[in-house]
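Quick one, what's the 3D model for this:
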Amino acid sequence: MTETERSRLIARIFSRPVLDDIARRGTAAHVAKQLSGLGVQPASRGAVVGDLFDASLGELGQSFRCEYVYKAAIANRIVFGRHSPRTSSMSIELGVAGSIIDVAVFNGTSTAYEVKTEYDSHRRLSTQTPAYLQAFDSVYVVTHPDLAQRYASLVDDRVGILCLTERGSLREVRKSIRDVSRIEPRVVFRMLRRPEYMDAVHKHFGQQPPMPNGLVHQNYEKLFCLLTSEQAHDVLVSAMRARTTDAEMVQFVSAVPESLRVLAYETPLSRPMRQRLLDALAASI
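Coordinates of the predicted model:
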């Protein structure tokens, strides 16, 4: 087995199905055995399963900087570093105007992070970043230091560039240009869940009369699109923050190992499943 093949096998561990499986079983012994078989070693004796995941991500950060490594850096350096999970919401793989943003962070405003690793193609950027500029106050491409200038030349000047350094920090190569006035209410509306856009319409236009279920979406979209860009953006930030900043979610994402924070946000788990996951990760190796 080549080193690249080994790294790819380790990277596959960081996925929603794997986390969901551990939470359902209440044990990660099978995953720990797989990682140990691949030669992953925790940093200290008396380690628990969670330490094995951290060691795995550490190895990937040195040898195989896949998309998950970049997402983890955004979670740990921005949401848990610069901000706080109590006030900042993190969304993974969020649909936006026909594209899917890798990471979106909502605190007092909104920031989109599109990851482009050294293994990725730039082809979709021509449609991705224009879509994100219609929904976010700030948009960044996050990439390898050697590719930063190339991406800076490929995307709109309003899009910022961050690079993931060898030490795992995020360095700003070009600052994004913030501007909520460019945000399209229709794009925002289609990012919201039904209770979220209904609450927004009721707040701005009052309660709506009863109508056939098939007409509800059409009526609410028409009214929502009468909002200003600033109002639509405020609705988006408020709705997204409410999704993941409740006390129970904050406690959960803060309790998992740093290496699994992205998956903790991304994987829908019931309260019992969350507890089984935490117990499994705390088990001795």
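
Using the three-state scheme, assign Val139.
Here Val139 is recorded as strand under DSSP: H, G, I helix; E, B strand; the rest coil.

okay but it is in contact with Ala112, surely?
Yes. Applying Cβ atoms under 8 Å as the test, Val139 and Ala112 come out as touching, 4.7 Å apart. For glycine as for every other residue, the C-beta is placed from the backbone atoms N, C-alpha and C.

what's the overlap in contacts for those two?
Residues touching both Val139 and Ala112 by Cβ atoms under 8 Å, 6 or more residues apart in numbering: Tyr132.

what about Val42, distance to Thr245?
Just to correct that, residue 42 is Pro rather than Val. Plainly put, Pro42 is 31 Å away from Thr245 if you go by Cβ to Cβ, to the nearest Å.

Kindly apply the preceding question to Ala255 instead.
Taken as Cβ to Cβ, the span from Ala255 to Thr245 is 15 Å.

Same check on Arg158?
28 Å.

more neighbours, the two?
A side-by-side neighbour count of Arg158 and Thr245, using other Cβ atoms under 10 Å, places Thr245 first with 19 against 15.

quick one, what contacts the spatially most central residue of the chain?
Among the residues of the chain, Ile92 comes closest to the average C-alpha position under Cα atoms, centre = their mean, at 2.9 Å. For Ile92, the contact set (Cβ under 8 Å, 6+ apart) comprises Lys71, Asp102, Val103, Val262, Tyr265, Glu266.

Now the fifth one. Nearest residue, chain neighbours left out?
Closest residue in space to Tyr265, ignoring its immediate chain neighbours: Met90 at 5.0 Å, by Cβ to Cβ, 6 or more residues apart in numbering.

ditto for the last one
Setting aside the residues directly before and after it, Glu266 is nearest to Ile92 in space (Cβ to Cβ, 6+ apart), at 4.1 Å.

which residues sit against stretch 217-229?
When contacts are defined by Cβ under 8 Å, 6+ apart, stretch 217-229 is touched by residues 180-186, 188-189, 194, 197-198, 200-201, 204-205, 208, 211, 232, 235.

Just the buried subset of these, written out for PyMOL, thanks.
Per 16 or more other Cβ atoms under 10 Å, the buried members of the contacts of stretch 217-229 correspond to this PyMOL selection:
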select buried, resi 180+183+184+185+188+189+197+198+200+201+232+235
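
in which helix or strand would I find Gly58?
helix 49-63 (DSSP states H and E).

Please state the offset of the very next helix or strand once past that helix from the chain centre?
Per DSSP H and E, the first helix or strand lying C-terminal to helix 49-63 is helix 67-74. On the basis of Cα atoms, centre = their mean, to the nearest Å, helix 67-74 sits 9 Å off its chain's mean C-alpha point.

by contact count, what packs against helix 67-74?
Judged by 3 or more Cβ pairs under 8 Å, 6 or more residues apart in numbering; DSSP states H and E, the packing partners of helix 67-74 are helix 49-63, strand 99-106, strand 110-116, strand 138-143, strand 160-164, helix 261-266.

Now stretch 147-164: buried residues?
Neighbour count says stretch 147-164 has Leu147, Ala148, Tyr151, Ala152, Val155, Val159, Gly160, Ile161, Leu162, Cys163, Leu164 buried, by 16+ other Cβ under 10 Å.

I misspoke; the intended subject was stretch 103-120.
In stretch 103-120, counting by 16+ other Cβ under 10 Å, buried: 103-107, 110-117, 120.

want to try TSV for those, with pLDDT and distance to Leu281 as columns?
Shown next, in TSV, are these (pLDDT from 0 to 100; distance: Cβ to Cβ, whole Å):
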residue	pLDDT	distance to Leu281
Val103	98	22
Ala104	98	26
Val105	98	24
Phe106	97	27
Asn107	93	27
Ser110	98	31
Thr111	98	29
Ala112	98	30
Tyr113	98	26
Glu114	97	30
Val115	97	25
Lys116	97	30
Thr117	95	26
Asp120	89	30
